[in-house]
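J.: attaching a predicted model along with its sequence, questions to come.
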Amino acid sequence: MGSEMRGSGLQMETKHVAPPAMKLVMLERSEFPVDLAHYADVDAAPRISALGDLGILQTRTLALFCSVRCPGRLILETYDIALALREAGTAVVGGFHTPMEKECLALLLRGTQPVVICPARSIEGMRLPAEYRKPLADGRLLVLSPFAEKQRRVTAQTAEVRNRFVAALAGGVFVAHAAPGGRTERLCRDVLGWGKTLLTIDSPENAELIEMGAVPVSPETVMQEGVVNVQLNAPTGGGGSSPAQTSIPTQGEA
């Protein structure tokens, strides 16, 4: 595992390349995955830009989040859980913006399982990192954005909108750590309110999340069928009852 860490995301190649020959697809609201209609504010996401294999949206996905500051004792366990998800073939979706999330993405991109990356900006005209090229060509990477073409900058507000988009898209959510009182903790409360499964590392640092209703997991248990499959909601088809609609916020604290 140590060798995986030393080659991880903070030393990832920063060169950018042109994406493989594939078209950017625009999904209109009628084409959105049903879960997004349940949770996402329609004014905030009138359409979705997509690059890559849209078939990934038909699989069960697990969203991955971590606050900017991750307690040291949780870092190794988060690496091990990312590796376990990779070995289990679990499709993972995220913004992969915070340092710990970037490290996890580096591990996931070296696997063979699907990954969905959602930048907190438009992807129209965006130069993609070199490490996206092969997964896109292999059909196991999907890049999604709910932002209009004019949104070229990442801001605190777009990051918050993006995180709710990611959580709504996924069948379940794994949070390595949420700083008390922060944006990620607020997102966790929303996820539980939507009726989605929330997973977190079984640790005293995550006691508040567990008390809130998160399911505690370890690198060993995350490989089990009951955690990575049964507890993830399958992609929703049409019809049936739906959770209460929740709007994406337009403002948030810095």
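T.: Noted; the coordinates are in hand.
J.: which parts of stretch 189-203 are buried?
T.: 190-192, 194, 196-201, 203 (16 or more other CB atoms under 10 Å). In this view, the C-beta of every residue, glycine as well, is placed from N, C-alpha and C.
J.: hmm, I typed the wrong one, I wanted stretch 121-132.
T.: 121-124, 126, 128-129, 131-132.
J.: follow-up on the earlier one: of all pairs in the buried residues of stretch 189-203, which one spans the longest distance?
T.: 194 and 203 (24.3 Å; CB to CB).
J.: and what about the closest residue in space to residue 213 that isn't next to it in sequence, helix, strand or coil?
T.: Nearest non-adjacent residue to residue 213, counting by CB to CB, 6 or more residues apart in numbering: residue 192, 4.9 Å away. Secondary structure, DSSP: H, G, I helix; E, B strand; the rest coil: residue 192 is helix.
J.: kindly state the pLDDT recorded for residue 192?
T.: According to the prediction, residue 192 has pLDDT 93.
J.: ditto for residue 242
T.: 35.
J.: what of residue 150?
T.: 76.
J.: picking that back up, for the residue nearest to residue 213, what are its contacts?
T.: By CB atoms under 8 Å, 6 or more residues apart in numbering, the residues touching residue 192 are 198, 212-214.
J.: now, among the buried residues of stretch 189-203, which is nearest to residue 57?
T.: Among the buried residues of stretch 189-203, and counting by CB to CB, the member closest to residue 57 is residue 196, at 16.1 Å.
J.: wait, doesn't that closest one sit right on residue 170?
T.: Yes: with contact defined as CB atoms under 8 Å, residue 196 and residue 170 form a contacting pair (7.5 Å).
J.: tell me where the stretch 101-250 of the chain has helices.
T.: Per DSSP state H, counting those that start in this stretch, the stretch 101-250 of the chain carries helices over the ranges 133-137, 156-169, 183-193, 207-212, 225.
J.: which one of those is the most hemmed in?
T.: Among the helices of the stretch 101-250 of the chain, ranked by average contacts under mean count of other CB atoms under 10 Å, first place goes to helix 156-169 (a mean of 22).
J.: show me what contacts the residue nearest to the spatial centre of the chain?
T.: Centroid check for the chain by CA atoms, centre = their mean gives residue 94 as the closest residue, at 1.9 Å. The contact partners of residue 94, by CB under 8 Å, 6+ apart, come to 63-65, 101, 104-105, 116-118, 166.
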